[in-house]
Structure formats: C-alpha cells, structure tokens
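J.: let's see this in three dimensions:
(one chain, ligands or ions: 2)
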Amino acid sequence: MVKICCIGAGYVGGPTMAVIALKCPSIEVAVVDISKSRIAAWNSDQLPIYEPGLDGVVKQCRGRNLFFSTDVEKHVFEADIVFVSVNTPTKTQGLGAGKAADLTYWESAARMIADVSNKGIKFQILSNPEFLAEELSKLAANAFLAQRISSVNAMSALCEATGANVQQVSYSVGTDSRIGPKFLNASVGFGGSCFQKDILNLVYICECNGLPEVAEYWKQVIKINDYQKSRFVNRVVSSMFNTVSNKKIAILGFAFKKDTGDTRETPAIDVCQGLLGDKANLSIYDPQVTEDQIQRDLSMNKFDWDHPIHLQPTSPTTVKKVSVVWDAYEATKDAHGLCILTEWDEFKTLDYQKIFENMQKPAFVFDGRNIVDADKLREIGFIVYAIGKPLDPWLKDMPAVA
Ligand SMILES: NC(=O)c1ccc[n+]([C@@H]2O[C@H](COP(=O)([O-])OP(=O)(O)OC[C@H]3O[C@@H](n4cnc5c(N)ncnc54)[C@H](O)[C@@H]3O)[C@@H](O)[C@H]2O)c1
Ligand SMILES: O=c1ccn([C@@H]2O[C@H](COP(=O)(O)OP(=O)(O)O[C@H]3O[C@H](CO)[C@@H](O)[C@H](O)[C@H]3O)[C@@H](O)[C@H]2O)c(=O)[nH]1
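T.: Numbering: from 1, shown residues only. Ligands and ions are numbered 1, 2, ... in the order given. Presented below is the predicted three-dimensional model:
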C-alpha cells in the first residue's frame, strides 16, 4: 500500500490530506504535527478547522486510511511520499523583519526528513506553486487579487464622498470583459493568511533586487487595506457622537470571510482593537470562532499567529471589555451599534425588527460587507452606514474622521 505522510496538520495539510484519503482509498495517509492539541482535535468530534463538508470527509476516512498522529518520525520513515505543509511566518526580527518569510519550521522539517530517511532511497523534490520562493507567479496572482480589492475599496471612499454607489461602480467596471466581474466587492478590508504575507514577501524581493519604486507600489495595496479598516472605525466613532466609551457595540462576524473559522489577519482584529482603543465594550458573535481564539487574536502581537499553536506567546489576561456570545440577538441586546464584519449568510436573514427593539436608541448598523438591505433597515429606524454607499442623512453631517 502506498503511504503518504503530511507534516503539518493545519489549514492546508489537514483538508488536502482528508480529500486525498477520500478519493484514494488504496492510499494510506498520515497527517503528523508537533502540536499535540491540534492532533488531539483532529482525532476528536470537534475538528480544529471548520470548512463546509470537512467534518463528513474526515469522519468517513479517519481510522480507515486517514490517521492523525504526533509520531512524526515514524510516519515520515514509513512514507513513500512526504508533503511538507508547515508554518512560514513573516519574520519579526533580523534580516527582512516585517516582510521576509521565516523558514525555521520548514528547514527543521526538511532536516528531520533527511535524518530519518536512511533507506538509501533518493527522494525527488517537487515544489508546489503554493511554496512561494520559486514561484513568483503565485505571489503575483495573490498581489493582483489583493490589489483589486484595495482598488475597489479606494473607490468606496470616493463613492461615499461623492454620493455614488460602489456596487454600481463595480458592476459597470466588471462588465468590461478585460476587467471581469469577480473580486470587486468593497469591504471593510481583506484578510486571510496569504494576501498580506505574500505582498510583504513580494515587497522584500523587490527591495533585495534594488527596485524600491516597485516595492512602494505593492506596499500601497496594504496601506489602503489598513486605511479601509481605520476608516471604518472612524465612521463608527464619529457617527456615535464622537464617543463609544463604555457603549456596548455588537460585532457580528470575526472570521476573515464566511464559511470558515479562520481568523488569520481578519479585518475584525483591527476594527475591534480600534474600538477597544476608544474604550467600547464589545459583544462578539461568530458562528464558527471560539472565545479562546478571539481572546488570543485580540491580545497577540502582529505576526505571532503564524507559529505552531503551542509556541504562540499568549497574553496572561483576557481582554476584559470583550465578551463572546453564541447568538446574534444576545450580542445586539442593549447595544448602541452593530458592526457586520463577516458576510455570513445568516446575518442577511436576522430579524432586524426584533434587534432594533432590543437596542439602545439611536440604533446604528455599520455594514462592513454590504450584505443587508440598508433601505429596509432605515425603514425600521436604524441609522445605517454601508461601505461605499450613499450616506445616511445622519452621517452626511458627521465628519468622516472622529
Ligand atoms: N492557508 C492557506 O490558504 C495557504 C495557502 C497557500 C499556502 N499556504 C502555505 O502553506 C503552509 C501551511 O499553511 P497552513 O495555513 O496550513 O498553516 P497552519 O499554521 O494552519 O499549519 C501549520 C502546521 O504545521 C505544524 N508544524 C510546524 N512545524 C512543524 C514541524 N517541524 N513538524 C511537524 N509539524 C509542524 C504546526 O504545528 C501547524 O499545525 C504555509 O507555508 C503557508 O504559507 C497556506
Ligand atoms: O471581492 C472581494 C473578494 C475578497 N475579499 C476579501 O479578501 C480576503 C481573501 O479572500 P479569498 O481570496 O476568497 O480567500 P483566501 O482563502 O485567503 O484565498 C486567497 O489566498 C490563497 C492562499 O494563497 C490563494 O490560494 C487563493 O487563490 C486566494 O484567493 C477575504 O477577507 C475576503 O473577504 C473582499 O474583500 N472582496
């Protein structure tokens, strides 16, 4: 029987191997990791990663031809094919700090493979496009995608200033087949483990090759993304009489996009930290993100998330002004405002009349994903801010900056 071993039971290794095990029942797949808690979770009913359908796939194959283990060396030794899918965080110190990839975990995995591989077999090494150093095109593809979002987000600020509607602008622009309609949704900002990290890598490569102007150009994509998040916080604070101090604000959605529990580089972290900086009390609800994860995210330093979980520095205290609840109605009860930060489908069909009745007045909605019907909410009585849409009369008279 052919045996595969994947080093790293994370977002890439776990789901990829589960699907290989499902589709290739004659192959034995072992996913190994140095994190005991992560492997324990893969072997439990509560998987460490949420993705629609993943649970069913794992349950079907686990114990049959899919195994999760911390016995890294044994499985590498037995394997015919080894995948390496470990962390490559952005460096926080030394050469290229803040931009270059830290290859410590990758090198340690490669050395371990060499140490245990004493069978006298010659390994062939394949580099998947996701392994970025050799494959400039993957970096470029992610940079182009992120640039589209920053471009439409930059337009969203101009739309608010001029009374235009960014969704109409996106639609019109997207009908030009040279541009195309995808990835033109204005939002509170892009997140996820790849876009920022890959652009920072690209910037570093440009700088190392003596191309500061090109590096500056790509940096701007991240700057606009940061601007979009702080612009959102400014709108919240300035709309609410220039103070959110001790006001309850509901945060609906914390994951970086819908249908995942992944919070890496989610714009919700910066928005929440911005509001906490202005002393708001936050009540956060996301259907797939745990309280422990949210607390970690809000108390971790930039880039620390991309290390194995047991090596992440954790804050000794929880963020006191944050509560995490398991229901959107609970989160919004007695709140002065609610912010939609992830486009979960369930937020489109909430009973906003009921939510309005249970909120403080005036009641504010800040839609960072353009998923609610702003006019309907205004009929209910909400004051509504939606990214890149014509401003509510209330907001028109308020400065864009608090
Ligand atoms: N998430 C994505 O969408 C995505 C896409 C493309 C590429 N990548 C790249 O793929 C790689 C993995 O990403 P991920 O999202 O799965 O990361 P992840 O943090 O979810 O998982 C990495 C896992 O590797 C484990 N690990 C680290 N060092 C190890 C070692 N020496 N031995 C055994 N286990 C070890 C960690 O404990 C962790 O569980 C990264 O290089 C990332 O940049 C990720
Ligand atoms: O029009 C859009 C599209 C996306 N986003 C946001 O952009 C971020 C990234 O979204 P997406 O690209 O769908 O998620 P990822 O899983 O991060 O996938 C990206 O990163 C992966 C890792 O490199 C690549 O493999 C994929 O091709 C690339 O799309 C999320 O916060 C989205 O909400 C927007 O704000 N507006």
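J.: could you check how far the residue of the chain most remote from its centre is from ligand 1?
T.: Farthest-out residue of the chain from its mean C-alpha position, per CA atoms, centre = their mean: residue 120, at 42.5 Å. Remark: distance between residue 120 and ligand 1 (CB to the nearest ligand atom, to the nearest Å) = 24 Å. (Glycine included, C-beta is placed from N, CA and C.)
J.: per the record, what domains does the chain have?
T.: What the TED database lists as the domains of the chain is 3-118, 145-386.
J.: closest one to residue 127 among those?
T.: Between residue 127 and those, the shortest gap by CB to CB is with domain 3-118, which sits at 10.2 Å.
J.: next one, pLDDT for residue 139 please.
T.: pLDDT for residue 139: 89.
J.: wait, it sits on residue 203?
T.: No. Judged on CB atoms under 8 Å, residue 139 makes no contact with residue 203 at a distance of 10.1 Å.
J.: quick one: which of these two has more around it?
T.: residue 203 (25 against 20; other CB atoms under 10 Å).
J.: how about the more buried one, what does it touch?
T.: Residues in contact with residue 203, defined by CB atoms under 8 Å, 6 or more residues apart in numbering, are 99, 215, 218-219.
J.: does it count as helix, strand or coil?
T.: helix (DSSP: H, G, I helix; E, B strand; the rest coil).
J.: same question for the closest residue to it other than its chain neighbours, what's its three-state structure.
T.: Using CB to CB, 6 or more residues apart in numbering and skipping residues adjacent in sequence, the residue nearest residue 203 is residue 215, 4.6 Å away. Assigned with three-state DSSP, residue 215 falls in the helix class.
J.: the helix or strand where residue 221 lies and ligand 2, are they touching?
T.: Here residue 221 sits within helix 212-239, counting by DSSP states H and E. No. Using CB under 6 Å from any ligand atom, helix 212-239 never reaches ligand 2; the gap is at least 9.0 Å.
J.: strand partners of the helix or strand just after that helix, parallel vs antiparallel please.
T.: For helix 212-239, the succeeding helix or strand toward the C-terminus, using DSSP H and E, is strand 248-252. Here strand 248-252 is paired, per DSSP bridges, with strand 281-285 (parallel), strand 337-340 (parallel).
J.: by contact count, what packs against the following helix or strand past strand 248-252?
T.: Next in sequence after strand 248-252, counting helices and strands by DSSP H and E, comes helix 267-277. For helix 267-277, the packing partners by 3 or more CB pairs under 8 Å, 6 or more residues apart in numbering; DSSP states H and E come out as helix 212-239, strand 248-252, strand 281-285, helix 291-299.
J.: mind doing that once more with 10 Å?
T.: helix 212-239, strand 248-252, strand 281-285, helix 291-299, strand 322-324, strand 337-340 (3 or more CB pairs under 10 Å, 6 or more residues apart in numbering; DSSP states H and E).
J.: buried residues, it. List them.
T.: Using 16 or more other CB atoms under 10 Å as the test for burial, helix 267-277 gives 267-276.
J.: pull the most distant pair out of the residues you listed.
T.: 267 and 276 (14.6 Å).
J.: residue 29 is in contact with residue 61, isn't it?
T.: Yes. Residue 29 lies in contact with residue 61 (CB atoms under 10 Å); the separation is 7.8 Å.
J.: neighbour count: these two, which is higher?
T.: residue 29 (27 against 21).
J.: and that one, helix, strand or coil?
T.: Quick answer, by three-state DSSP: residue 29 is strand.
J.: now it: closest residue in space, sequence neighbours ignored.
T.: residue 21 (4.4 Å).
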